[in-house]
Each structure stands twice: as C-alpha cells, then as structure tokens.
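[1] heads up, no residue letters with this:
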C-alpha cells in the first residue's frame, strides 16, 4: 500500500450511488458497499433523483445508521430529465476521495475486497486512468440470467481510446468502474454543463471522457452483479423496448464526436461503428419493413458525407456479417454492440 494512503481517516474512495425508484433493491446495493474490507476510509455519496417511492426514506435510514460513511443528496426535482450531469453537478463537488467508484441503486457488489483490489492496482500502476472488472447479469430477484457475463470489453488488458472508437463504446458496466478523480473533472463549469447535455447515456459518455484522458485496465475477475429489469421499471433495460436502440446508439456517437471536437479539441472517429449500426438498420428494414425502420436507415445514411463510400462499406459488412445483421433483436442490440465479445 502506498504511503500516500496509509492515514485511515483520509477518504481515499468516494463511491457514487445514483438512485431513482430503487426501493426494492437499494438495501442490497448499500449493504454490498458497506461490507467492503479496506485498509483505508471510503465514503458513499447516495444521490436520489426525486424518487416517488420509499427510496429517499431508505437512504435517510442508512445515513442515520452510518453517518460517517453514507452522505445523502436528496433532490426535490428530477435532475436527469433536465439534462444535468449529476456526477459533475452534485457528486464530484461533494466527493473527498482521490478515486471514484460506482454502484447504482439496483446493482450490487459481490466481492468484499473489490475497492481494496482496485485501489491497490491504481496505486501500483500510475500509467492507467481507470480500471474495470467483469460482472454477471441477474434478474429482479437476483437470479442469474445466463451462464456467461455480458458486460465489458472482453479481453483482459488495456482498453484505449482506439478501442473505444473502433471496437466497444464501453469498457465495462457502471458498477465495475473505478477511476482517478481527475479522469472526469473539468476546470471550466461550462464544459461540465455541456458534458451533461451530450445525447448519450452516462456510462457511455463517461467512457468516452476517461478514454480521451488515459487508458483503462480491464480485469476478468467478476466482482459485481448488474440487475436487468425489463417490465415496469425505470432502468435502462426497461426502456429498451420503448425506443429505437440502433438509432439511439448511432446518435450517441455523433453527439460525443461533437462534444469532443468543440469542447476538448479532440477529433473522435466512430466511423467504423457508425457504419456497422447503419448496416444493422438496413438489415432490420429488410427483415421486417416498416416506415420507422426505413426512416432511421435513411437518416443514418444522410449523416455520412461520402455516400458512395458508405454504400460500399455497408455491402461489405452485410457480406461479412449476414447472420448477425439479420437476426439481432432490438432487446439485445445494445449489449451485442457495446459489450459483446471482441
């Protein structure tokens, strides 16, 4: 352990726990964070985004029981719907740790040494900006959904900016991530506000920002469970059936490209992934034609300046991945594209 973090009273890790309508699962999430065995002090910043259930009451209960660890932030108005970056607006200003870890209110950690292992790694490897691990997926009741894990860049080792742009938008599920504080900080509040308005999910745009600022080391060890809730929930999994996922992910890439260029002065190039998404949009239109699918495909094609080049690339991709393109279901699309085997 580095001498820099031997003082037990110094907060080394700030855990960000974002909650919304999580009354069914929050106790398990908080208990998994509180069970951590470490040689350093850590805090858990629990942010509730104006839940209408008993989530806030549970947070108050835990804050009273663990006043030196649990730090509540309870909103009266929903911030996410206002395109506010909750991490930059509320979590980071409150955080005292040199490292930031995450666990949302419907997920949970399974390894009591998770924080210790990740801190030890980052202390010993200053060349990395962040580290992730694998996780398993479970349903609402905690039952395993598959014998394999879905999330993360599926190769133990370095996840770079090139990997992010050309292979996988995500380096791991949210609850697997720990990064250095400076990996996501902005010196300009206006830049942080613009980051919040990127049309992408928080995990994807955070992966973009961290990858621009440094490499991430991905570990194959499973240390958390991600809960997938499909029916009647407010999680991303539950929203999948309500949106055109293919177009959403396409727009994520475009929005991140614009932000990186205009705010960070960095030129990102997601062309390989954009062509792949466009090809899948065509495959879906061929398989089951309707106006929405056709409109989405036309929209995607219109965003490329060189139409001939894109047409050739789409044909080549169709020839290379005919089975994948024509059989990918909407509900599994995001997982296959972002987290599937590399």
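    It's in. All values derive from a computational prediction rather than experimental measurement.
[2] shaky segments in the stretch 101-250 of the chain?
    For the stretch 101-250 of the chain, applying pLDDT under 70 flags the ranges 146-155, 230-243.
[3] Any idea which residue is closest to the centre of this structure?
    In the chain, the centroid-proximal residue (Cα atoms, centre = their mean) is residue 203; its distance is 2.2 Å.
[4] I'd like to know which elements the strand or helix carrying that one is packed against.
    Per DSSP states H and E: residue 203 is located in helix 202-213. Helix 202-213 sits against strand 128-138, helix 161-166, helix 245-259, with contacts defined as 3 or more Cβ pairs under 8 Å, 6 or more residues apart in numbering; DSSP states H and E. Backbone N, C-alpha and C define where each C-beta goes, glycine included.
[5] Quick check: can you list the domain ranges of this structure?
    Taking automatic domain parsing as the reference, the chain has its domains at 3-240, 243-338.
[6] for the helix or strand containing residue 59, what is the average pLDDT?
    Take DSSP H and E as the rule and residue 59 turns out to sit in helix 55-65. Looking at helix 55-65 alone, the average pLDDT works out to 98.
[7] which residues touch it?
    By Cβ atoms under 8 Å, 6 or more residues apart in numbering, the surrounding residues in contact with helix 55-65 are 19-23, 26-27, 30, 46, 48, 70-72, 74, 105.
[8] Now which of the residues you listed would you call buried?
    Neighbour-count burial (16 or more other Cβ atoms under 10 Å) applied to the contacts of helix 55-65 gives 19-23, 26, 30, 46, 48, 70-72, 74, 105.
[9] Which members of those residues are the farthest-apart pair?
    21 and 71 (20.8 Å; Cβ to Cβ).
[10] buried set for the biggest strand by length in the chain?
    Criterion DSSP state E: the longest strand present in the chain is strand 215-227. Neighbour counts over strand 215-227 (16+ other Cβ under 10 Å) mark 215-219, 223-227 as buried.
[11] Closest to residue 92 out of those?
    Nearest member of the buried residues of strand 215-227 to residue 92, counting by Cβ to Cβ, is residue 216, at 18.8 Å.
[12] hey, where'd the helices end up in the stretch 1-150 of the chain?
    26-34, 55-65, 86, 92-94, 114-124 (DSSP state H, counting those that start in this stretch).
[13] pLDDT of the fourth one, averaged?
    Across helix 92-94, the average pLDDT comes to 96.
[14] And for the first one?
    Model confidence over helix 26-34 averages 98 on the pLDDT scale.
[15] Kindly report the same for the third one.
    With pLDDT averaged residue by residue, helix 86 scores 95.
[16] Pull the residues that contact it.
    Outside helix 86, the residues that touch it by Cβ under 8 Å, 6+ apart are 18, 47, 49, 79-80, 202.
[17] Same list, the helices of the stretch 1-150 of the chain, but as a markdown table with distance to residue 249 please.
    Output for the helices of the stretch 1-150 of the chain, formatted as a markdown table (distance: least, Cβ to Cβ, whole Å):
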| stretch | distance to residue 249 |
| --- | --- |
| helix 26-34 | 27 |
| helix 55-65 | 29 |
| helix 86 | 22 |
| helix 92-94 | 26 |
| helix 114-124 | 28 |
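[18] for these, which one sits closest to residue 244?
    Taking the helices of the stretch 1-150 of the chain one by one with Cβ to Cβ, helix 86 is closest: 25.2 Å.
[19] Now do the closest one: distance to the chain's middle.
    14 Å (Cα atoms, centre = their mean, to the nearest Å).
[20] What separation do you get for residue 304 and residue 270?
    Per Cβ to Cβ, to the nearest Å, residue 304 is found 12 Å from residue 270.
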